[in-house]
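A.B. asks: model the structure of this input:
(one chain, ligands or ions: 1)
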Amino acid sequence: MEKKSVPFEKTVFVCTNTREGKVACANPGRGGAEVCHALKGAVKEAGLKHKIRVARSGCLDRCAEGPNLFVYPSGEWYSHVAPEDVPELLRKLS
Ligand code: FES
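C.D. replies: Alright, predicted model coming up:
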């Protein structure tokens, strides 16, 4: 095991969990996967990949409020996120 510092200024964990028969951020029509994909693309396009890591997350235990994401290390939490929120989100992150 090798201990290191986190190699990114910020990591955004986007819930992309799906569940059959129960509410989940990335179930069809909810938008979690689309948010994650759009945010990854926006970070790349802005040339911020070395600073901001967008990671897919499992369930964050706030399923009914999803799609959810949170930012490490600041602890900012966003709920009811839609793909069209990505430009504003990127401004807040950068
Ligand atoms: S499925 Fe996203 S918070 Fe539970």
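A.B. asks: could you check how far the most centrally placed residue in the chain is from the ligand?
C.D. replies: Against the mean C-alpha coordinate of the chain, by Cα atoms, centre = their mean, the closest residue is residue 14 at 2.5 Å. As judged by Cβ to the nearest ligand atom, to the nearest Å, residue 14 and the ligand stand 9 Å apart. No exception for glycine: its C-beta is placed from N, CA and C like everyone else's.
A.B. asks: what separation do you get for that residue and residue 71?
C.D. replies: 10 Å (Cβ to Cβ, to the nearest Å).
A.B. asks: would you list every one of the helices in the chain?
C.D. replies: Using DSSP state H, the helices found in the chain span residues 32-45, 86-93.
A.B. asks: identify each buried residue in the longest one, please.
C.D. replies: The one in question is helix 32-45. By 16 or more other Cβ atoms under 10 Å, the buried positions in helix 32-45 come out as 32-40, 42-43.
A.B. asks: take those and write them to a markdown table, including distance to the ligand and pLDDT.
C.D. replies: What follows is the buried residues of helix 32-45, written out as a markdown table (distance: Cβ to the nearest ligand atom, whole Å; pLDDT from 0 to 100):
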| residue | distance to the ligand | pLDDT |
| --- | --- | --- |
| 32 | 6 | 98 |
| 33 | 11 | 98 |
| 34 | 14 | 98 |
| 35 | 11 | 98 |
| 36 | 11 | 98 |
| 37 | 16 | 98 |
| 38 | 17 | 98 |
| 39 | 15 | 98 |
| 40 | 17 | 98 |
| 42 | 20 | 98 |
| 43 | 20 | 98 |
